[in-house]
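Enquirer: give me coordinates for this.
(chains A and B)
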Amino acid sequence: MIVVGIDIGSLSGEAVILEDGEIISFSIVRTGADSAKTGEKALDEALKKARISFKDIEYTIATGYGRVIVPFANENITEISCHAKGANYLFPTARTILDMGGQDCKAIRCNNTGKVTNFAMNDKCAAGTGRFCEVVADVLDVPLEDIGEMSLQAERDAMVSSACAVFAKSEMVSLLRTGTPKSEILSGIHAAIATRVYALLQRVGIEKDFVITGGIAKNIGVVKKVSEKVGLKPLISEEPQIIGALGAALFAKERYNKG
Amino acid sequence: MTIMDFQEKYKNRHEIAKQWKKDGKKIFGYFCGYVPEELIGAAGIIPVRILGSLDKVSLADSHIQSFICAFGRSCLDQGLKGTYDYLDGIVVSKTCDIMRNMLGIWSRNIEVPFTFYIGAPSKRTEAARTCLIEEFKLLRSKLEEFTGKSIDDNSINQSIESYNQSRKLLKELYELRAEDNPPLSGSDFYHIVKAGFVTPKKEYNEMLLELKSKLTSSESSDGKGVRLLISGSTFEDVNILKMIEDSGGTVVSDDLCVGSRYFWDLIEPASDPIRALADRYQMRVTCPCKHPSDERLERILDEVKKHRVQGVISIVQKFCDTHLFEYPYMRDLLQENDMPFLYLETEDRLGEEGQFKTRVQAFLEMLR
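Expert: Residues are numbered from 1 along each chain as shown, chains lettered A, B, ... in the order given. Down below sits the predicted model:
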């Protein structure tokens, strides 16, 4: 049985294909201005990799910000439920999940079956999101994928008082002007993000095991600061960006089996 | 009589009021649920409640700070735009800081012939009762001065009776929502309550009676929705409730100012009607701006049981201090009683729908 999970985020779209409960293929594409097309693009890519075609799919569940605009999906489920489901599949001991995505940041608690028991979401604020990291990389003129690694070279954290994307941007500019090394600015920014997401996590309470999902889990600098702040070593999968889509695919399998 | 009729009453409230004015009637505006409308009514004046608006705020921002709730900004904005120019007077009772200062800002910038501020105490002591009685007596004599006619006890008692009737009917309608397939949705009910704030009680009571006689028969939901209690501050946009219900929730109970907090307590007749009014307004189900809140929170738990509620959603206006202060107590109480709880911050209107919907949908998924 082949099922698909599609996660349409604000910055990227992912598809995960499961065959009899095993991942056979996945894809990550960038979300353009047309989110509806992102779903198609992600699915096409994943289908190609798996060497199967659209008609082989039995059931599809869409999730993420754009979950309602995936025309070929049978149902939609929120990314909050899907991240818990996906994290539970990879790490059955996971009880607290921090999902840092493109535009949202979520603290999720779940039980041993991966069912959500509580959650908190950031309000209209970009701290701890991919969009914020993009702004940082842009201001410092460092490739996005290098900011994590570069921050680790810092001898100290530059003092960044705000995790607000707007204020942090002007703080970074003045730090650059005073000759502060980029690595220290990055390290300071990551510390500010960690403080912010720690407050979010505290709203739901932290119990191990602790898992980080979403694109920012790939930023080793943020992960380091968050784990220092939380005091727990986070579990992170090889591809943390597809956990939402994986959860959606797992739900698709369940729903299809239920008929 | 349909929900649409109630909706229309509220929607056309300003046009209707202007017609009353042409017919020679006097109209007073009031804020919040702590102003004794009964007394204004007894003076032969039609009281209408001032609520927010979905229009964009454009004039209020130059008079008040950015940390004032959207409701307060919207009310003042409408006043500044002349929406309430038909009012002959405004009565405010001491509730939250925004309301407390609203009368001053309003009368400084908008011409209104009569204003009265009720210095209503927050406590439930005997001294506080005496104070409230004195405030109501003063309002009575100021109203008499304004209209040039005395208000006798008999007309206050008559007015109390028709307001009591409204509250009783609203409570009866509310109780139908305890059923498996409630004949009224949460958003329907919101429309009904809102219409009452701007419709004279005699007419409103007839509308409620007619609706009630029709309801008990057919119109039903599928009974499959997750049963919810909505708590929180006032909000103008009914779409907030509509969105929750469209996502698979059924709002079966509430702890809202535009809802059960308004009609929960009746006025017990007494030989001195002013004392009867003071008894009710002092001891009514509290808004979080009044204390103590234990009784209100206990009532929420009772309603959760009676209406078989599966989850509580708290919808609070950004910057509403009084609700925010009370939030931890409410959360702890619900947690102790294993009642799932979602806190949502909003403004007077739905706004950022995507994030709001994700929270609501995830909460409903959690409860299924």
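Enquirer: in chain B, which ranges drop under the pLDDT threshold?
Expert: B:216-222, B:352 (pLDDT under 70).
Enquirer: so the residue nearest to residue B:309 when sequence neighbours are not counted, which state does it fall into?
Expert: Closest residue in space to residue B:309, ignoring its immediate chain neighbours: residue B:229 at 4.5 Å, by Cβ to Cβ, 6 or more residues apart in numbering or on different chains. Using the backbone N, CA and C atoms, a C-beta is placed for each residue, glycine as well. With DSSP: H, G, I helix; E, B strand; the rest coil as the basis, residue B:229 sits in strand.
Enquirer: next up, the contacts around the residue lying closest to residue A:217 once chain neighbours are set aside.
Expert: Using Cβ to Cβ, 6+ apart and skipping the chain neighbours, the partner closest in space to residue A:217 is residue A:240 (3.6 Å). Contact partners of residue A:240, counting by Cβ atoms under 8 Å, 6 or more residues apart in numbering or on different chains, are A:212, A:213, A:214, A:215, A:217, A:218.
Enquirer: just among those residues, which is most surrounded?
Expert: Of all those, the most densely surrounded is residue A:213 (33 neighbours; neighbours counted as other Cβ atoms under 10 Å in any protein chain shown).
Enquirer: hey, what's it bridged with?
Expert: Listed beta-bridge partners, residue A:213: residue A:99 (assigned using DSSP bridges).
Enquirer: mind listing what it touches?
Expert: The contact partners of residue A:213, taken as Cβ under 8 Å, 6+ apart, are A:83, A:86-87, A:97-100, A:236-237, A:240-241, A:243-244.
Enquirer: where's the residue of the stretch 1-150 of chain A found nearest chain B relative to residue B:285, distance?
Expert: As assessed by Cβ to the nearest Cβ, chain B sits closest to residue A:80 within the stretch 1-150 of chain A, at 3.7 Å. Here the criterion is Cβ to Cβ, to the nearest Å. By it, residue A:80 lies 33 Å from residue B:285.
Enquirer: these two: which has the busier surroundings?
Expert: Ranked by neighbour count (other Cβ under 10 Å), residue A:80 and residue B:285 place residue A:80 first, with 29 against 19.
Enquirer: which SS state does the more buried one fall under?
Expert: Using three-state DSSP, the structure places residue A:80 in helix.
Enquirer: for residue A:208, same thing?
Expert: coil.
Enquirer: so it is in contact with residue A:109, correct?
Expert: No - if you go by Cβ atoms under 8 Å, residue A:208 and residue A:109 don't touch, sitting 11.6 Å apart.
Enquirer: looking at these two, which is more packed in?
Expert: Taking neighbours as other Cβ under 10 Å, residue A:208 and residue A:109 compare with residue A:109 leading, 20 against 15.
Enquirer: quick check on the more buried one: phi, psi?
Expert: phi -110, psi 140 (degrees, to the nearest 10).
Enquirer: how about it: what's its closest non-neighbour residue?
Expert: residue A:118 (4.4 Å).
Enquirer: just the buried residues of whichever strand or helix holds that neighbour, please?
Expert: Assigned by DSSP states H and E, residue A:118 belongs to strand A:116-121. Buried residues in strand A:116-121, defined by neighbour count with 16 or more other Cβ atoms under 10 Å in any protein chain shown: A:116, A:118, A:119, A:120, A:121.
Enquirer: hmm, residue B:280 and residue B:268 touching each other?
Expert: Yes - taking contacts as Cβ under 8 Å, residue B:268 lies within contact range of residue B:280: 7.1 Å.
Enquirer: just want the residue of the stretch 101-250 of chain B that's nearest chain A.
Expert: For the stretch 101-250 of chain B, the residue closest to chain A is residue B:247, as judged by Cβ to the nearest Cβ, at 9.8 Å.
Enquirer: surely that residue touches residue B:364?
Expert: Yes - with contacts counted by Cβ under 8 Å, residue B:247 reaches residue B:364, the gap being 5.9 Å.
Enquirer: show me where the stretch 1-150 of chain A has its strands.
Expert: A:2-8, A:12-19, A:22-30, A:59-63, A:75-76, A:96-100, A:105-110, A:116-121 (DSSP state E, counting those that start in this stretch).
Enquirer: residues making contact with the last one?
Expert: So that's strand A:116-121. Applying Cβ under 8 Å, 6+ apart, the external contacts of strand A:116-121 come out as A:80-81, A:84, A:104-111, A:200-201, A:203-205, B:355, B:358-359, B:362, B:365-366.
Enquirer: which of those are buried?
Expert: A:80-81, A:84, A:104-110, A:200-201, A:204, B:355, B:358-359, B:362, B:365-366.
Enquirer: gap between stretch B:331-339 and the chain center?
Expert: 25 Å (Cα atoms, centre = their mean, to the nearest Å).
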